[in-house]
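Participant: 3D, please:
(one chain, ligands or ions: 1)
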Amino acid sequence: MTGARATWLSLGEGRTPLVRAPRLSEALGLDVHLKCEHLNPTGSFKDRGMAVAVERAIARGAQTVVCASTGNTAASAATYAARAGVRAVVLTPEGATAGAKRAQAHAAGAQVLEVRGTFDDALRLCRELGERDGFMLVNSLNPDRIDGQRSVVGEIVEQLGGVPDVIALPYGGGGNVSAVAAGCDEAGIAPALVIGEAAERPTTFASAIRIAAPAHHERVARLIGEDRLIVVSLSEEELREAWSTLARVEGVFCEPASAAGLGALGKLDRTGTAVCIVTGHGLKDTGAVDTSTATVVDASLDAVLEALA
Ligand SMILES: *Cc1c(COP(=O)(O)O)cnc(C)c1O
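Facilitator: Residues are numbered from 1 along each chain as shown. Next comes the predicted model:
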């Protein structure tokens, strides 16, 4: 198994299911599998790396962990800090994170500061704060995050019983794809990496990838140069389509950003075996779902049948 694992701080992150997606496979002409990272303890893939990063931060003497977040990093950092008994300070763009993620951070007792600015502004401030005594930055710029997160690759190979031809995932800041590439290096494998980003990065409805300036863009550019990585740009319509398809066709309800890997895969002409990493749970962002089509009926069978006709 590749990648570091948290020990005393673990809440059971990792070892998520890999499920086959038969109907998507048929539609795409590929053998598609879904790596269900949305089933981690706080509902996103970020837990793998965060558990390791917080554990190591404390070993290095930190009393406060600090992160900028579009929501899921905050929820994860807050959770592991609570478990470790240290302070979490999270900076989020004001009014731009999904309510459930905000609730998770507050529930775990984090100090939440909503910055009048973008995610990129919040990250800049956190990098400065992280330099202070007793503070540790736990964004994916912290190599311990990448170190903990790359364990996903070994699991995929083990669960699949072989190396996939393609691994597809969303592209926000690029921490996840950096971790997946590192995991592939460590395992000595070279599947094609496909990442889906929002064409409308600063404003996309997929809030988890609403990041104008990806922190890991240099790593991404190197991987492209090495012919290992393809970046696919997705319109809002394409993101929405991939996200609703995953729920309607395979019963996997994730948050909008999480289906960007599938969306990217759908725009390429690939064959063989593909693994899509599903990054965050659908219950994180229920506001994204249109529930206005519900019909109100009288409490009679006639009314129910009429509504169904
Ligand atoms: C953080 C996040 C992403 C983006 O991952 P990066 O490492 O920033 O590229 C995608 N989906 C979800 C659900 C996330 O929480």
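
Participant: enumerate the residues of the stretch 151-300 of the chain near the ligand.
Facilitator: Applying CB under 6 Å from any ligand atom, we find that the stretch 151-300 of the chain lies next to the ligand at 170-176, 208-209, 255, 257-258, 279-280. The way it works is simple: take the backbone N, C-alpha and C, and place the C-beta from them, glycine included.

Participant: dump the residues you listed into JSON lines; add secondary structure and neighbour count as well.
Facilitator: Putting these into JSON lines (DSSP: H, G, I helix; E, B strand; the rest coil; neighbours: other CB atoms under 10 Å) gives the following:
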{"residue": "170", "secondary structure": "strand", "neighbour count": "33"}
{"residue": "171", "secondary structure": "coil", "neighbour count": "30"}
{"residue": "172", "secondary structure": "coil", "neighbour count": "30"}
{"residue": "173", "secondary structure": "coil", "neighbour count": "25"}
{"residue": "174", "secondary structure": "coil", "neighbour count": "23"}
{"residue": "175", "secondary structure": "helix", "neighbour count": "24"}
{"residue": "176", "secondary structure": "helix", "neighbour count": "28"}
{"residue": "208", "secondary structure": "helix", "neighbour count": "30"}
{"residue": "209", "secondary structure": "helix", "neighbour count": "24"}
{"residue": "255", "secondary structure": "coil", "neighbour count": "30"}
{"residue": "257", "secondary structure": "helix", "neighbour count": "31"}
{"residue": "258", "secondary structure": "helix", "neighbour count": "33"}
{"residue": "279", "secondary structure": "coil", "neighbour count": "28"}
{"residue": "280", "secondary structure": "strand", "neighbour count": "30"}
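
Participant: hmm, which two among those residues are most spread apart?
Facilitator: By the measure CB to CB, those have their two most distant members at 174 and 255, which lie 18.3 Å apart.

Participant: how many other residues sit next to residue 252?
Facilitator: Summarising burial for residue 252: neighbours were counted as other CB atoms under 10 Å, giving 23.

Participant: which residue, other than its chain neighbours, is closest to it?
Facilitator: On the basis of CB to CB, 6 or more residues apart in numbering, the spatially nearest residue to residue 252 that is not a chain neighbour turns out to be residue 246, at 4.9 Å.
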